[in-house]
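Chemist: how would this look folded up:
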Amino acid sequence: MLVYHFMLGLIGTKAVRAARRSPDGFAGSIPSGTHDVAFVVVSRAPLDALVAYKRRMGWDFRWVSSYGSSFNYDFHATIDQAVAPVEYNFKDQLQLEAENVAWRDWSGEQPGMSAFVRPATMCSTRIRVLPRFDGLWAMWQWLDRTPLGRNEGDMSWFHRHDEYPATAGEPS
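Modeler: The predicted structure is shown next:
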């Protein structure tokens, strides 16, 4: 099973800016159940907020809520030192700081993907993948081939796909 931890917290439908478009890259492209693999997206927002947001964005993947549970904390997809020590990708805060991984203030929603396998013994194993999903998100592959590359800057260019302004001269 593949689980994508989508950074949509308890503030309703306010997704973290960089995460707003990531589901557009896999919506419709992961046929759940093929190759003996299930795919699900999980977020901390209440289910009614997820259903409304999913409908707004036109997404078709399976999306579940971890609202009211410790799931996100158990998998370190939500970091809150009051709940659990800082850990991300199997590294504690000291290891992350030693590696100069200072891209977060070590709190709140974090991106992530977990993969589970059920061996013959019926035990589940969790594998945590690095937070860079470059190879999984087709948009990066296209942008990497443009003259300016990703031109990421402050990420203010990220919008939901229904929020981009119309561009003059664009074919209709």
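Chemist: what stretches of this structure score poorly on pLDDT?
Modeler: Under the criterion pLDDT under 70, the flagged ranges of the chain are 9-20, 27-36, 102-105, 118-140, 142-143, 145-146, 148-158, 165-172.
Chemist: mind listing the helices for it?
Modeler: Shown for the chain, the helices assigned by DSSP state H span residues 22-26, 47-57, 71-74, 93-98, 138-143.
Chemist: Turn those into TSV, columns for mean neighbour count and distance to residue 109.
Modeler: C-beta here means a position set from N, CA and C on the backbone, and glycine is covered the same way. Shown next, in TSV, are those (neighbours: other C-beta atoms under 10 Å; distance: least, C-beta to C-beta, whole Å):
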stretch	mean neighbour count	distance to residue 109
helix 22-26	19	13
helix 47-57	16	14
helix 71-74	17	8
helix 93-98	13	16
helix 138-143	13	20
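Chemist: Reformat these as TSV; add distance to residue 85.
Modeler: Formatted as TSV, the helices of the chain follow (distance: least, C-beta to C-beta, whole Å):
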stretch	distance to residue 85
helix 22-26	27
helix 47-57	28
helix 71-74	10
helix 93-98	7
helix 138-143	32
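Chemist: Residue 37: which of those is closest?
Modeler: Closest of the helices of the chain to residue 37 is helix 22-26, at 12.8 Å (criterion: C-beta to C-beta).
Chemist: Tell me which other helices or strands that closest one touches.
Modeler: Applying 3 or more C-beta pairs under 8 Å, 6 or more residues apart in numbering; DSSP states H and E, one finds that helix 22-26 makes contact with strand 2-5, helix 138-143.
Chemist: which helices and strands does the first one pack with?
Modeler: Spelled out, that is strand 2-5. Looks like strand 2-5 contacts helix 22-26, strand 39-43, strand 112-117 (3+ C-beta pairs under 8 Å, 6+ apart).
Chemist: how does it look with 7 Å?
Modeler: On a contact count with 3 or more C-beta pairs under 7 Å, 6 or more residues apart in numbering; DSSP states H and E, strand 2-5 meets strand 39-43, strand 112-117.
Chemist: Of these, flag the one that's most buried.
Modeler: strand 39-43 (a mean of 20; mean count of other C-beta atoms under 10 Å).
Chemist: who touches that strand?
Modeler: 1-6, 8, 23, 30, 32, 50, 61-66, 71 (C-beta atoms under 7 Å, 6 or more residues apart in numbering).
Chemist: That strand to strand 112-117, inter-axis angle?
Modeler: Taking axes from the mean of the first three to the mean of the last three C-alpha atoms, to 10 degrees, one finds strand 39-43 and strand 112-117 inclined to each other by 140 degrees.
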